[in-house]
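S.K.: got a sequence here, can you model it:
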Amino acid sequence: MARERYIKLLLMACASLSFLAILLIFIFILRESMPALTKVGFGNLFTSTDWNPDKGSFGILAFLNGTILTTLGGLIIGAPLGVGTAIFLDQVAPKKMATVIRRGIELLAGIPSVVIGWFGLIILVPFIARITNSSGYGIAAASVVLAVMVLPTITALSVETLRSLPIELKEASLAMGATRWQSIRTVLLPAAREGILVAVILGMGRAIGETMAVQMVIGNSRQFTLSLFKPTATLTSRLVTDMGEAPPGVFRSSLFAMALVLLIFAMLLIFSVRMITRKRKA
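M.R.: Sure, this is the predicted structure:
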């Protein structure tokens, strides 16, 4: 009994340290962000597109816009591909073929992001430039790169969700005279909806936090744009570019404010996953 008590205390200590680490990170980033929030002002910081530290302008709306658009673009491309691949692997492909494809997707997940960004830089950007008569850098290129990066996460989690469904669902549908595709569309996908949504949300978390691959293909410009083919920047790419050169003061604090926004996004995504999984259990 004493041994079990010690093990329980050890596990509780590990869990407490993990929570404490996250709490300390949040407090530290919030504290470092306060000078920007108080001196620049919440409105000027988050609603202005003018980022020019040399002149005392610290509006991050352009980078927030770039983060949201690239993330949505990556999900618009990557989510259907990931879910479609999961359906093919679990319901259509022969076992040997599914095994080979699954191993390939696992290898894709292990490729460093900078390598994917490099391929985007030397292949995707020139291709977009050729067909659009633009520089090739921008939200479109970043969205394609992010789609490649979120594909393994969405596919793997969607496959596991489909595998967890009771086999009786499909058998009952087929027994009622439905075809395989009708069973997938009207029975299996609705039953797996919450799990697939969790997979997409976790893929979104990967897309929001991606840095190097996006920085290599987005152009890293300070301009605010809604065009898919004009250079812009994301919160993460701007952090990488400016953090090493930012002196202590409002400039550095504004970068911490960007990090705070990213952390809040991550927390909201985790909260969304918890709410969905709690609903499934209920």
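
S.K.: next, residue 186: phi, psi?
M.R.: The phi and psi torsions at residue 186 (degrees, to the nearest 10) take the values phi -100, psi -20.

S.K.: now do residue 58
M.R.: phi -130, psi 40.

S.K.: ok, now which ones touch it?
M.R.: Neighbour list for residue 58: 36, 40, 44-45, 48, 51, 250-251, 254 [criterion: CB atoms under 8 Å, 6 or more residues apart in numbering]. Glycine gets a C-beta too; all of them are placed from N, C-alpha and C.

S.K.: now intersect those with the helices, please.
M.R.: Those of the contacts of residue 58 mapping onto helices are 44-45, 250-251, 254, per DSSP state H.

S.K.: dump the residues you listed to TSV, plus pLDDT and neighbour count.
M.R.: TSV is the format used below for these (pLDDT from 0 to 100; neighbours: other CB atoms under 10 Å):
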residue	pLDDT	neighbour count
44	83	16
45	85	23
250	87	19
251	88	18
254	91	25
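
S.K.: tell me the one of those residues nearest residue 187?
M.R.: Ranked by distance to residue 187 (CB to CB), the ones in helices among the contacts of residue 58 are led by residue 45 at 48.7 Å.

S.K.: distance check, the closest one against residue 58.
M.R.: Using CB to CB, to the nearest Å, residue 45 is found at 6 Å from residue 58.

S.K.: now tabulate the contacts of residue 58 in TSV and tack on distance to residue 30.
M.R.: Below are the contacts of residue 58 laid out as TSV (distance: CB to CB, whole Å):
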residue	distance to residue 30
36	11
40	15
44	19
45	14
48	21
51	21
250	16
251	18
254	14
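
S.K.: the ones in helices among the contacts of residue 58: which two are farthest apart?
M.R.: Of all pairs in the ones in helices among the contacts of residue 58, the most separated under CB to CB is 44 and 251 at 14.1 Å.

S.K.: I'd like to know how many residues surround residue 278.
M.R.: 9 (other CB atoms under 10 Å).

S.K.: same deal with residue 54?
M.R.: 6.

S.K.: now do the contacts for it.
M.R.: Contacts of residue 54 (CB under 8 Å, 6+ apart): none.

S.K.: secondary structure class for it?
M.R.: helix (DSSP: H, G, I helix; E, B strand; the rest coil).

S.K.: so what pLDDT did residue 281 get?
M.R.: Note on residue 281: pLDDT of 58.

S.K.: typo on my end, residue 228
M.R.: 90.

S.K.: I'd assumed it was in a helix, is it?
M.R.: No: counting by three-state DSSP, residue 228 falls outside a helix, being coil.
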